[in-house]
Each structure stands twice: as C-alpha cells, then as structure tokens.
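Asks: quick check, what structure comes out for this input:
(one chain, ligands or ions: 1)
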Amino acid sequence: METHTINRLHRNVTCTFCGLCCDDLTVQVDNGQLQVADSDCSLCRSGFEQSLPPVTALNRQPQIHGRTCSFDEAFTHAANLLRNSQYPLFGGLATDVAGARATLHLADRIGAMLDHMNSTAMLRNTLAIQDSGWMTTTLTEVRNRVDLLVVFGNATSRRTPRFYQRFFNNAESMFGQDTGQRELVLIGEHNTVDIPSGNRRITHLPCIPGQFGDVAMALRALVNDQPLQAESVAGIRKCELLELVRRLRDARYSVMTWNNAELDVPHAELTVQAICGLVRDLNATTRCSALPLGGSDSDYTFAQVSTWQTGFSTRFSLAAGKPHFDPVLFSAERLLSEQETDLLLWISAFDTRRTPPESGTDVIVLGRAGMQCDIPPRVFIPVATPGIDHSGNIFRCDTGVVLPLKPLRNTGLLPVSSVLQSITDHL
Ligand code: SF4
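Replies: As a prediction, the model looks like this:
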C-alpha cells in the first residue's frame, strides 16, 4: 500500500488523546512523521509523534496467524471467524463516531457482547447516573464562569494535562471575570504534584482517594445543616470542612470535578454519587455543577454512540436481539477468564500499547498501524487513526461537544468503520 504524504503545517488540529480534545494544536508533517509544534503536553506528543512503520513492515500489513495476507483475505477470514462464533465478544472499542456505529451494527448483526477497554472507570460514573442522575456543566462554562473549583484527586495534570491551562488559568473569560481571583481547592494526596502554575488561591485538603466519598458526605451533611459529631473526616478537620462549605455557599459558580480513572477503589460509584449529591444539595441556595473529567481511547465517544443506539454505554450483550446490560456478567475480563466467549474482536485505533488481554481465545485485532501483539492474533488488520490518518468525529469528556477531526497525512490505511463494513459485507 503506497503512502502519499503532504508535507505541511496543520493549524487548529484536534487532539484525541484525552477527553479535553484540545482543538488548537499546530502539527508539522514531514514524510508521514508528525511533530506537535506548539504544545508540551506529553500525552498529545506521544499520541501524534508515534512513528508510522514503513509500508513493508509486518505491523503495517494485514496478517493471518502472523503471516501477511491481502486485505480481502483478512476480511474473509475475520468474517468466517465471526460467523462461526457462538459467543463473540467485542472489546477495546477505541474508535471514532463512525467506527462506533459500525461496531454496533456488526455486533447487532451477529449478536455480540460489548465491553470498552476503559469500562471499569466508565462505570463509576455510569452507575451513579443510572441511580440518581447528576447536574453537570461543560468545559466552556468552566472556562468562562467558574470562581471556585474543587478537585477530588491529584492526577488532573497527568491525565488531562492542559486542563488548568485552558479552563482555569485562562487569562480572559467571555464575561469579563477576573480569572486571577479564582479559587482552587485540591482534595487528595498532594505529595505527587498536581498544582497548576500561577498565583492562584489554592487550598490543600489532604486525604486518600478511598475517603473522597466520606469527605463529600461530610460536606453534604454540613451543607444541609446536619450535625457532624466527628472532629475530623478522612484527616480533614471539621473547621476546614465548615470553611469550605462557607466558600461553596458564597461562590457564584462553583464546580466539583474528579476523574473516574483515578477512583480505583471498591464501589467508587458511591463516591461519584456522593459528590453529585453534594452538588445537587448546594443548588438549593446557590449554583454548583459537577464536571466529570477524563477520557482516553475515545471511551466517551463509544459511550455516547452506544447510549443513543442501545440505551447503554458499555458492558452489554446484543445476543438476545435486544440490549442486555450487566456490568458484572459482560465484563470482558470475566468472560475471557471464565472462557465464556470463543472469539474476541479487539479494536484499538489510537494507542498501539493497548493490545488485547492475554487469553486462550481466538482474537481478531483491528489495531493502530504499528501495534505489536505478544501473541500473533488469528487476524490482524492495521487501521488508520482518527484525526491523523482520516477525518471523523469525537466526543469531548463533557459530552456536549462533538469535535470534527481532519486527516493530517495520507497513509492509505483504512478507518475502523471501513474495515468493519468490509467484514460485514463478507459475512
Ligand atoms: S490535554 Fe489532552 S486533548 Fe489536550 S493536548 Fe493534551 S492530550 Fe491532547
């Protein structure tokens, strides 16, 4: 497959490598190699600047059992495997809007189970929404209105590197707010640094992630004028909690944020629910909103497309001809370890490191060109990356905005949606 590359500088490029989907990047393309010209965001640089293997490289070509083949042979072989599978599982699911739609179409056709690679983190939010709902805001609103930001967690700068720069420390806001007066409260472990630069008013309230829910519930009690008999909660003194409640009541537009990937504790959905309950209670007298941060490997995109088509964001089955959601039963990890699936279709179009989990199950991989699997899958089909090799759309983590993606180079690689359509045509 020939590579045709246009050497040029692309401006206002959208980044797909975390849920912020920054759309202000400048990317230089030279002979197919990309270089981010104006950002030191480590996530975006590693995503864009990953080397594209030469056209002759094994991991740039379709393979059956580790041997190169034509695309048509790969499509035929994949279709045969899918047709003969009794319990097919679609995992990974890291693709753009069109890829997600094609995935769901194929899954519906053959009755597959689906589980995104980030489901464990995604479900921490989903279960809270399903149970009691939430009141959220958008990144744009935060950038223009927030006066008090409360962050549960300490990895915001690592997982969404430009969040503070773009949405909190922005010099200007639409409504003339003096953004230098914004206040930041960090609830978490601060020995690993997640402190934005700039002379902002920052309050640290140290506690471990497993106790974020306790802190949120204590704040909720105080907001509702309930007695709090303890003198401290999760190591935070009662007077500090009361002071935070006072500031939240006085704020004109406070926002509470967290990253579901950080809440790696048992029943983390209860922590999310506690934070969302606190937000809801504050709205009895003032304004406060939740802002779920995070996102990688287009998890928010798959969740949005899947929810509008099936009612569920992840971990469901279409085997019975209608969606059946079960966050335990349809866990890919469980299905593979219990050998309750006989075929895994793994889709990972953004990150070559997100390879399929090891299992004794037959695997079809649609992977970003350059992906190297430890064990050659039954079928490997290299795919194009949205926003680099082809156009597309992706959802931001606030889910209110869909960003268009532009191709930056012409590699001849096929998007996930085209590959899945071809496989479907061969069924
Ligand atoms: S913060 Fe996220 S979206 Fe923005 S440039 Fe970095 S990785 Fe990309």
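
Asks: and stretch 27-46, what's buried?
Replies: Across stretch 27-46, burial judged by 16 or more other Cβ atoms under 10 Å covers 27, 28, 29, 32, 34, 36, 39, 41, 43, 44, 45. All C-beta atoms are positioned from the backbone trio N, CA, C, and that covers glycine.

Asks: for the residues you listed, give me TSV that also has distance to the ligand, pLDDT and secondary structure.
Replies: Formatted as TSV, the buried residues of stretch 27-46 follow (distance: Cβ to the nearest ligand atom, whole Å; pLDDT from 0 to 100; DSSP: H, G, I helix; E, B strand; the rest coil):
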residue	distance to the ligand	pLDDT	secondary structure
27	11	97	strand
28	15	96	strand
29	17	95	strand
32	20	89	coil
34	13	95	strand
36	8	96	strand
39	6	89	coil
41	3	95	coil
43	4	96	helix
44	4	96	helix
45	8	96	helix
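
Asks: residue 280: which of these is nearest?
Replies: Lowest distance from residue 280 to these (Cβ to Cβ) belongs to residue 43, with 32.1 Å.

Asks: all helices for the protein, in order.
Replies: Secondary structure of the chain (DSSP state H): helices at 42-48, 71-84, 97-110, 119-132, 139-145, 156-159, 163-167, 212-223, 238-250, 268-282, 299-310, 332-337, 416-425.

Asks: which residues touch residue 309?
Replies: Taking Cβ atoms under 8 Å, 6 or more residues apart in numbering, we find residue 309 in contact with 101, 104.

Asks: quick check: pLDDT value at it.
Replies: Per-residue pLDDT puts residue 309 at 97.

Asks: again with residue 6
Replies: Residue-level pLDDT assigned to residue 6 equals 60.

Asks: same deal with residue 40?
Replies: For residue 40, the pLDDT comes out at 89.

Asks: and it, its phi and psi?
Replies: phi -100, psi 20 (degrees, to the nearest 10).

Asks: and the gap between it and residue 172?
Replies: 22 Å (Cβ to Cβ, to the nearest Å).

Asks: same deal with residue 370?
Replies: 40 Å.

Asks: same question, residue 128
Replies: For residue 128, the distance to residue 172 - Cβ to Cβ - is 34 Å.

Asks: so between these two, which is more surrounded?
Replies: residue 128 (24 against 10; other Cβ atoms under 10 Å).

Asks: hang on, isn't residue 300 packed against residue 20?
Replies: No - applying Cβ atoms under 8 Å as the test, residue 300 and residue 20 come out as separate, 10.7 Å apart.

Asks: spit out the residues that contact the two alike.
Replies: 396, 397.

Asks: around the ligand, pick out the residues from the stretch 51-200 of the chain.
Replies: Proximity of the stretch 51-200 of the chain to the ligand (Cβ under 6 Å from any ligand atom) is limited to residues 160, 161, 162.

Asks: and the pLDDT for the second one?
Replies: Per-residue confidence at residue 161 stands at 95 (pLDDT).

Asks: okay, now it: neighbour count?
Replies: Residue 161 has 21 neighbours, counted by other Cβ under 10 Å.

Asks: now it: phi and psi?
Replies: phi -60, psi -30.

Asks: please give me every residue in contact with it.
Replies: Residue 161 neighbours (Cβ under 8 Å, 6+ apart): 18, 41, 42, 43, 44.

Asks: identify the farthest-apart pair in those.
Replies: Checking the contacts of residue 161 with Cβ to Cβ, the most distant pair is 18 and 42, at 10.6 Å.

Asks: identify the residue nearest the residue nearest to the spatial centre of the chain in space, chain neighbours excluded?
Replies: The centroid of the chain falls nearest to residue 295 when counting by Cα atoms, centre = their mean (2.1 Å). The spatial neighbour of residue 295 that comes closest, neighbours along the chain excluded (Cβ to Cβ, 6 or more residues apart in numbering), is residue 19 at 2.2 Å.

Asks: before we move on, the earlier item: where's the residue nearest to the centre of the chain relative to the ligand, distance?
Replies: Using Cβ to the nearest ligand atom, to the nearest Å, one obtains 8 Å as the distance from residue 295 to the ligand.

Asks: mind listing what that residue touches?
Replies: Neighbouring residues of residue 295 by Cβ under 8 Å, 6+ apart: 18, 19, 20, 160, 396, 397.

Asks: any of these buried? List them.
Replies: Using 16+ other Cβ under 10 Å, the buried members of the contacts of residue 295 are 18, 19, 20, 160, 396, 397.

Asks: right, I'll leave it there.
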